[in-house]
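Engineer: Next one to model:
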Amino acid sequence: MKTPQNLVTIQPYFKAHAGRLAEFHAIMHEFVEKTRPESACYFYEFTILDDRAFCREGYEGAAGVFAHLENVGELLGRMEKLADLTQLQFHGPAAELDKLREPLAHLPAEYFVLSCGLGR
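Structural biologist: Purely as a prediction, here's the structure:
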């Protein structure tokens, strides 16, 4: 797959609440299944370490991000009851990140602007 020029990645980190680890692991699978049909999603996966999880996800521009957030909104509400969002990052080209900043200002996010790189 050739890396798209407008690729935006979201990198959220979660920490499961005490006693909710099994539910936390189960909802990760629900997120994957809910995301699977999204055509603007290039990749979506969870990695875990003890009671923490990282979601590595990439989308076709800001439009892909907005479509995903709308799609998984109900699941995000359920996730808040199972885990804390400990870190949230968006990475991508400045023009795409600028489309996200105001609509997502309510989120505790950091925006990392693409400076240089290599795509294949």
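Engineer: going forward, measure contacts between C-alpha atoms and count neighbours the same way
Structural biologist: Noted.
Engineer: Which helix runs longest in the chain?
Structural biologist: helix 21-35 (DSSP state H).
Engineer: What residues of that helix count as buried?
Structural biologist: L21, F24, H25, I27, M28, F31, T35 (16 or more other Cα atoms under 10 Å).
Engineer: can you give me the helices in this structure?
Structural biologist: Taking DSSP H as the criterion, the chain carries its helices at 21-35, 61-71, 73-80, 94-101.
Engineer: Of all these, which one is nearest Q11?
Structural biologist: Closest of the helices of the chain to Q11 is helix 61-71, at 11.7 Å (criterion: Cα to Cα).
Engineer: Going by contacts, tell me the helices and strands next to that closest one.
Structural biologist: strand 7-16, helix 21-35, helix 94-101 (3 or more Cα pairs under 8 Å, 6 or more residues apart in numbering; DSSP states H and E).
Engineer: Using CSV, write out the CA atom coordinates for it.
Structural biologist: The C-alpha trace of helix 61-71 is given here as CSV (Å, rounded to 0.1, in the frame of the first residue of the first chain):
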residue,chain,number,x,y,z
GLY,A,61,-7.6,12.8,5.8
ALA,A,62,-9.7,14.6,8.3
ALA,A,63,-12.9,13.4,6.6
GLY,A,64,-11.9,9.8,7.4
VAL,A,65,-11.3,10.8,11.0
PHE,A,66,-14.7,12.4,11.3
ALA,A,67,-16.5,9.5,9.7
HIS,A,68,-14.8,7.1,12.2
LEU,A,69,-15.6,9.2,15.2
GLU,A,70,-19.3,9.3,14.2
ASN,A,71,-19.3,5.6,13.5
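Engineer: Go ahead and name everything in contact with it.
Structural biologist: Residues from elsewhere that reach helix 61-71 (Cα atoms under 8 Å, 6 or more residues apart in numbering): 6-8, 34-35, 38, 40-41, 59, 96-97, 99-100.
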